[in-house]
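*Asks:* The sequence and its predicted three-dimensional model are supplied below.
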Amino acid sequence: MSTSIEQHQLRFIPVERLSLSPLNVRKTGAESGIEELAALIRSQGVLQNLTVYEERKQGRQGMTTYPVVAGGRRWRALQLLVKQEHITPTYEVPCLVTTYERAVEISLAENSGRQDMHPADQFEAFHRLVDTGQSVEDVAARFGVTPLVVQRRLKLANVAPEFITVYREGEITLEHLMAFAVTDDHAKQQQVWKGLKPYERHPSALRRALTENEVSARERVARFVGLKAYEKAGGAIRRDLFAEDGDAFILDPALLSRLATEKLEKRAAQLKAEGLAWVDVTPHLDYAGRAEYGRVRTILREPTEQEQAQLDALIVRQAEIEAKAAEAQEAQDDDRLAELADQADEIDAEMDVIREQRTIPHPDQQSLAGAVVSIGHDGKVRIEGGLLKPEDAKRFARTRSADKSGEQEARTHSAALIRRLTAHRTLALQATLAQRPDIALVALAHRLVLRTYFEYGMARDSVVQIEAKEAALLQHAPDLGESRAHATLEARRNALRAALPQDPDVLLAWLLDQPQTDVLSLVAFCVAVTVDGVQSDEGPSPADGLARAAGLDMHEWWTPTADNYLGSIPKARILEVVREAVSAEAAAALAKLKRAPLAKAAEERLAGTGWLPPVLRTATA
C-alpha cells in the first residue's frame, strides 16, 4: 500500500498544460452533459482532482505536459470554460500525478467503480435546495440546467414517498413517476394504483385514470372556448410539465361545456334571425347523430331558353366525339383516343355546370329546413345547413313513396352498382352471421317454417337457401376476394374444417358427441354462406331484418373508394356525398376537378368519416 501511495503526487497544474490522454478508457458518452458539468465547475470549482502523468513535449525545450488519464469530462468542461472566457488558460487544477505504467489501470478502476447519481437522489436534492430558500432559477444556474428541468424534478419529488421508494428499487420506471406527477394528491395516486390490475399498471393507464375528469386543452371544445375565456370565467387549469408542448388540462369540464353551449347558442340566434325555421345546438355532432336528420332534396328546374340551347349544342358535340372515338378505336389510334377523351371530359364539365345552375332545393322542404350548430374537428363553429327534422324527413319519405302517379325519378345508382354494393353487404352479413349461432338458428327455423306451413312457401321472404348452396357473389363484385369479410369467412371455414373428421361416414356420430355450442357454430357457418341478399334496386330487402338482428355494421367491412364506388357514380353525386359526409365547403373545393381525379380526392376526404351509401346502412336493431 505504501508503495502505491508513493507513486502518486498531488499538484495544481494550469489548464494550458493539460491534454487528453489516448489511454482514457471512457469513450461512450464522454461528450454528453459537458455544459452542465462546466456550470457546476464554474460555481463550485473542481471538486474532484484529475489523474495525469508526465509527458515531455517534443519541440519545446523544457516544456512538460500532463495527459489526463482519468477525468476526461472534467478536462472537456475546463476547455469549454476557457473558450467562454470564464477562466484563463493559467487556471490551476488539482491533479494527481502518477506514472505512465499505472495510468491505464487507474483509468479503468475509476470508470468501472463509478456509478451515476440515481435520478431520485437528484430531484430530492433539488427539493432540499429550494426548501433552503434558493430560487428555481438559482438552482438551474448552479447545475447548468434550465428552470424547466428543475421544475420537473421538483414535481417528481412531490410523488407519494412509497412510489419513490419502489422506483429506487427498480420496480417502476421514471415514466411511472411522471404519470403520478400529474396530481399532487397522494391519496388519489394510491387509490388509482390499487384500482388497476398489476398488468394494467403502465404509465399511460395511470395518467388516463388520474386525469379522467379533466379535458385536454387540445380537445376541440377547449380550443373552441379558449383558455382565456375559460380562466376568465373562473375555471382552473393544470399544466403538464412533462409534455414537450406544455399541454394544459381543464379541471372543470362542466364549466367548459356551459361556455361552449352559450357560445354556440349565440351563433344559433344569429341563424334564426336570418330566417331559418329551426336551429339545433349540439356541441359534439358525430356521424350517427347527423344521420338522424334528413337533407333537403334538390330538384332540377326547367332550363331557360339559353340553357336549353347550350345543352342541345353540347349533345350534338358529344355525339360527334363518340363517332370519332369509334373510328379511332377501330384504327387503334391511342393518341387520338386520349385527345377525344379530354374533349369528352370538357363537355361533361360544361354540362355539370349547367346542371348545377338548374339544381334548386325542393320548395316544400326548403320552407321547413334548418341547421345544426356544432364544434368541428378544427375547434371552430360548424354549421350543417339544409337539414330536415327527423320527423319531417320521414313524412316526406312516406309522401314520395306513396306518390306513384308522378314522374319516376332517375335512379341514384345503376343496377350493376347496387348489385356490387349489396354483394359486399351480403358477404359481410355472412361473416357476421357465422359468429352468431343464435341468429343463424332463428334464420334457419324461419326458412323451414315458411316452406312447411305457409301455402306458397314465401321463398322470397327468406335469404337462407335450405339446399345449403353457397351464394355465388363473385359474379356481382369481382373485388370480393380482397375484402375483409372474405378473409374472415375463409379463416372461419378453415378453423371449422380442421376440427371435422375426415371420413363423412362418421360425421353423424361425431356430431352427436360434440357439445351443443360446437354444433351450433357449424350450423351458423353453414347457414351463413347460403345467404343471398344481392339486389338490383335500392328498396327494402329480406336481408334487412336479418342484418339488424345479427348486428351487421358495414363500417367494419367496407369503406368508399374510387375503385369500389366513387368512380361509378356521376360527378354531381360524388360532390353530394362529400357535402353530406364532410361539409359543403369541402365539396365546393373539389367542384372544378374532373371526375377521375375528383373520385380520388373524394376518397381522401371521406376516409375516417364512416359514410356509407343508403343501401349499406343498417338501422339500429
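*Replies:* Structure's in. What do you need?

*Asks:* Find the residue closest to L444 in space, skipping its chain neighbours.
*Replies:* In this structure, L444 finds its nearest non-sequential neighbour in V527, 5.2 Å apart by C-beta to C-beta, 6 or more residues apart in numbering. Bear in mind the C-beta positions are built from the backbone N, C-alpha and C, glycine included.

*Asks:* which other helices and strands contact the strand or helix carrying the one you found?
*Replies:* For V527, the host element (DSSP states H and E) is helix 516-528. Using 3 or more C-beta pairs under 8 Å, 6 or more residues apart in numbering; DSSP states H and E, the elements in contact with helix 516-528 are helix 415-433, helix 437-453, helix 484-499.

*Asks:* Lowest mean pLDDT across these, which one is that?
*Replies:* Looking at the helices and strands packed on helix 516-528, the lowest mean pLDDT belongs to helix 437-453 (a mean of 63).

*Asks:* mind putting the helices and strands packed on helix 516-528 in TSV, mean neighbour count included?
*Replies:* Output for the helices and strands packed on helix 516-528, formatted as TSV (neighbours: other C-beta atoms under 10 Å):
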stretch	mean neighbour count
helix 415-433	23
helix 437-453	16
helix 484-499	14
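
*Asks:* Need the ones you listed in JSON lines (columns: distance to Y100).
*Replies:* Shown next, in JSON lines, are those (distance: least, C-beta to C-beta, whole Å):
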{"stretch": "helix 415-433", "distance to Y100": "78"}
{"stretch": "helix 437-453", "distance to Y100": "84"}
{"stretch": "helix 484-499", "distance to Y100": "71"}
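
*Asks:* so which of those helices comes closest to P14?
*Replies:* helix 484-499 (74.6 Å; C-beta to C-beta).

*Asks:* ok, residues contacting the closest one?
*Replies:* Outside of helix 484-499, the residues within contact range by C-beta atoms under 8 Å, 6 or more residues apart in numbering are 424, 427-428, 430-431, 434-435, 480, 518, 521-522, 525, 528-529, 556-557.

*Asks:* hey, C-alpha coordinates of that helix in PDB?
*Replies:* Provided in PDB are the C-alpha atoms of helix 484-499 (Å, rounded to 0.1, in the frame of the first residue of the first chain):
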ATOM      1  CA  ARG A 484     -62.000  -8.200 -45.000                       C
ATOM      2  CA  ALA A 485     -65.300 -10.200 -45.000                       C
ATOM      3  CA  HIS A 486     -63.800 -12.800 -47.400                       C
ATOM      4  CA  ALA A 487     -60.700 -13.200 -45.200                       C
ATOM      5  CA  THR A 488     -62.800 -13.600 -42.100                       C
ATOM      6  CA  LEU A 489     -65.100 -16.200 -43.600                       C
ATOM      7  CA  GLU A 490     -62.200 -18.200 -45.000                       C
ATOM      8  CA  ALA A 491     -60.400 -18.200 -41.600                       C
ATOM      9  CA  ARG A 492     -63.600 -19.400 -40.000                       C
ATOM     10  CA  ARG A 493     -64.100 -22.100 -42.700                       C
ATOM     11  CA  ASN A 494     -60.600 -23.400 -42.200                       C
ATOM     12  CA  ALA A 495     -60.800 -23.400 -38.400                       C
ATOM     13  CA  LEU A 496     -64.000 -25.400 -38.500                       C
ATOM     14  CA  ARG A 497     -62.700 -27.800 -41.200                       C
ATOM     15  CA  ALA A 498     -59.700 -28.600 -39.100                       C
ATOM     16  CA  ALA A 499     -62.000 -29.900 -36.300                       C
END
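
*Asks:* Identify the residues contacting D348.
*Replies:* Contacts of D348 were listed using C-beta under 8 Å, 6+ apart, and they are K571, K594, R595.

*Asks:* excluding its backbone neighbours, what's nearest the last one?
*Replies:* Take R595 and drop its neighbours on the chain: the residue closest to it by C-beta to C-beta, 6+ apart is K571, 4.9 Å away.

*Asks:* what stretches of the stretch 201-350 of the chain score poorly on pLDDT?
*Replies:* 240-247, 286-288, 291 (pLDDT under 70).

*Asks:* Strands of that one, start to end?
*Replies:* Taking DSSP state E, counting those that start in this stretch, the strands of the stretch 201-350 of the chain run over residues 215-216, 237-239, 248-250, 279-281, 294-295, 298-300.
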